[in-house]
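Q: need coordinates for the below:
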Amino acid sequence: MDSRIEIYESKMKKSLDSLREEYSTIRAGRANPHLLDKLRVDYYGTPSPIQSVANISVPEARIIQIQPWESKLIKDIEKVIIASDLGLTPSNDGKVIRLVFPELTEERRKELVKDIKKKAENARVAVRNIRRDANDTIKKLNKNSEISEDEMKQLEDQVQKFTDKYIADIDKLTEDKSKEILTV
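A: Predicted coordinates:
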């Protein structure tokens, strides 16, 4: 692979990874500990991920259990969860916080699938923009006589192959996540 276009392939991969990360935070009516990944709790003046101050487990399909290493953190963790956009109400017994996920309604599932498709389209647009930037760079190299017409065609074909691959990956990821949400 030509080092002049490697950076564009890497950017496309980052777009896919970013989408995958976004999808991991969308709840599908099942408990997923990754929903808590973006939440930070104040731990001795330092915003820390909940995972670094507590044990997180999934004892049942629709329950996340958070067991802080220090009991004084329970209130702080609850505040963070309530303030987040998760839409969950934590309950605690003094030692453990439980998050119970209600069953999703059909309407809510369809809204989530629409949201997933919108995020996928944004990722596809990002990949296409990266392709355009790569092709512009390739054309400039040709215009400045740094590469031949043949090399330009080869590089453009390579960029198109990357683009097709990442668009297909985005479509597959979106299809899988949509099925997961629509499965009752």
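Q: which SSE is the residue most central in space within the chain in?
A: Compute the mean C-alpha point of the chain, and by C-alpha atoms, centre = their mean the closest residue is Glu21, 1.7 Å away. In this structure, Glu21 sits in helix 3-24 according to DSSP states H and E.
Q: against which helices or strands is the longest helix along the chain packed?
A: Counting by DSSP state H, the longest helix found in the chain is helix 106-143. For helix 106-143, the packing partners by 3 or more C-beta pairs under 8 Å, 6 or more residues apart in numbering; DSSP states H and E come out as helix 3-24, helix 149-182. The C-beta positions use only the backbone N, C-alpha and C, and glycine is treated the same way.
Q: give the partner strands of the helix or strand following the first one in its sheet and their orientations.
A: Read that as helix 3-24. Per DSSP H and E, the first helix or strand lying C-terminal to helix 3-24 is strand 40-43. Sheet partners assigned to strand 40-43 using DSSP bridges are listed as strand 46-49 (antiparallel).
Q: buried sites along the strand it pairs with?
A: Ser48 (16 or more other C-beta atoms under 10 Å).
Q: how far is it from where the chain is centred?
A: Here the centre of strand 46-49 is set off from its chain's centre by 20 Å, with C-alpha atoms, centre = their mean, to the nearest Å.
Q: ditto for stretch 147-158
A: 33 Å.
Q: and it, what's its mean pLDDT?
A: Mean pLDDT, computed over stretch 147-158, is 90.
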